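K.L.:
structure of the sequence below:
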Amino acid sequence: MAVYTTIDDPAIYFNTKLYTGTGSSLAITGVGFQPDWIWFKERGAIRSHALVDSVRTRSKVIFADLTSAEETSAASTNDLKSFDSDGFTVGVTNVSGSFNTSSGTHVAWNWKAGTSFTNDASSTGVGSIDSAGSVSTDAGFSICSYTGTGSNATVKHGLSTAPKMIIFKNRNTSTDWDVYHGSLANTERLHLNTTGAKNTAAHAFNSTSPTTAVFSVGNADNTNKSSSPMIAYCFAEKQGYSKFGSYTGNGNADGTFVYTGFKPAMVIGKASSRVDVWWMHDNKRDIDNPVDLRLMPHSSGAEGAEWDLDYLSNGFKIRDTDAQTNGSGETYIYMAFAENPFVNSNGVPCNAR
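P.N.:
Numbering: from 1, shown residues only. Next up, the predicted model:
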């Protein structure tokens, strides 16, 4: 029998949670696991995208739409008070308002890694910089912490397969977020916090694609500034659960179909060769097709209804003529996570919406 998926229940590794803020300590349950990376956004207001992970610890916050260094939330406020067994607890007040604004509508995207790793490069012979983090080889996701050297280096990422996408941030310096994507050349990068087109920066990833053991960095401040603590979110493809690819727009309302091998729970995308927005859609803010409630990782802006997609049983289809998602002949990169595999390990197909 053909193998369509390695993960029958994607919700044990990725899940989106919607909630209404209270302005007081609030426990959010129903995530389905203890998350290791949470990406927060208040939907209805101008608030930054706030990212917290278990490797940097719950009190360290960085913002996807900003260049700023990470911030530390005071013990008395606690943006994120705890990672819990079935979700998380947010605090009374917070640095950005992104976590728990009273009566605010909030979204939290949650990923599970779960297994700690450390690597002493000189002892193991793997990589040239020591690294540590949290990883799920089953889900193809790792959170990797290391200290920059300012010169060409390799870093163990913890995965057993080569990452197709890596998101980097210098934690203590005001720098852009660098994005490596396997659909681009290894000399090219995007910035998560800007609308900029891909740009050539051989010094970001040392013109070297990731391997099954390590990723490479050059001497760019964004990925490897000397003595700076760095964080990298690494993603490898897993059949039936995640996909990191590209598609070409056709400029037609009967837009491009993108095969992923699963019904999507979340899709993030961007035109790679033009100055234009990042966009993100998910299956919880939009429970029916078309999926059009978008947020933009590079922008603190409130949620809007634009750029229609259909989530199908085996991928997504663009239903818009806008250049942001479907310009004729334009190339778009994307990352996608599953709600259900197209066919599970018992040969049972999932239903379309």
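K.L.:
mind checking which helix or strand of this protein has the lowest mean pLDDT?
P.N.:
Averaged element by element with mean pLDDT, DSSP states H and E, the chain has its least confident helix or strand at strand 71-72 (a mean of 90).
K.L.:
strands paired with that strand, and their directions?
P.N.:
Taking DSSP bridges as the criterion, strand 71-72 forms sheet pairs with strand 60-63 (antiparallel).
K.L.:
tell me how far the strand it pairs with lies from the chain's centre.
P.N.:
Centroid separation between strand 60-63 and its chain, computed with CA atoms, centre = their mean, to the nearest Å, is 14 Å.
K.L.:
ok, now stretch 284-303?
P.N.:
On CA atoms, centre = their mean, the centre of stretch 284-303 falls 15 Å from that of its chain.
K.L.:
and for stretch 226-237?
P.N.:
In this view, stretch 226-237 has its centroid 12 Å away from the chain centroid, taken as CA atoms, centre = their mean.
K.L.:
who's in contact with residue 20?
P.N.:
The contact partners of residue 20, taken as CB atoms under 8 Å, 6 or more residues apart in numbering, are 103-106. Glycine gets a C-beta too; all of them are placed from N, C-alpha and C.
K.L.:
of all those residues, which comes closest to residue 173?
P.N.:
Within the contacts of residue 20, proximity to residue 173 (CB to CB) peaks at residue 106, which comes in at 28.7 Å.
K.L.:
beta-bridge partners for the closest one, please?
P.N.:
residue 19, residue 42.
K.L.:
list the contacts for it?
P.N.:
Counting by CB under 8 Å, 6+ apart, residue 106 makes contact with 18-21, 40-43, 98-100.
K.L.:
sec struct for the nearest residue to residue 257 once chain neighbours are set aside, please.
P.N.:
Spatial nearest neighbour of residue 257, chain neighbours left out: residue 317 (4.6 Å); criterion: CB to CB, 6 or more residues apart in numbering. Using DSSP: H, G, I helix; E, B strand; the rest coil as the criterion, the local structure at residue 317 reads strand.
K.L.:
okay, and the beta partners of residue 317?
P.N.:
Beta-bridge partners, per DSSP bridges, of residue 317: residue 257, residue 310.
K.L.:
any idea how far it is from residue 160?
P.N.:
Separation of residue 317 from residue 160 (CB to CB, to the nearest Å) stands at 32 Å.
K.L.:
okay, these two: which has more neighbours?
P.N.:
Neighbour count, other CB atoms under 10 Å: between residue 317 and residue 160, residue 317 has more, with 17 against 12.
K.L.:
distance of the more buried one relative to residue 247?
P.N.:
Noted for residue 317: a distance of 10 Å to residue 247, by CB to CB.
K.L.:
can you pull the residues that touch both of those two?
P.N.:
256, 258.
K.L.:
ok, back up a step: from the contacts of residue 106, pick the one nearest residue 349.
P.N.:
Nearest to residue 349 among the contacts of residue 106, counting by CB to CB, is residue 18 at 27.6 Å.
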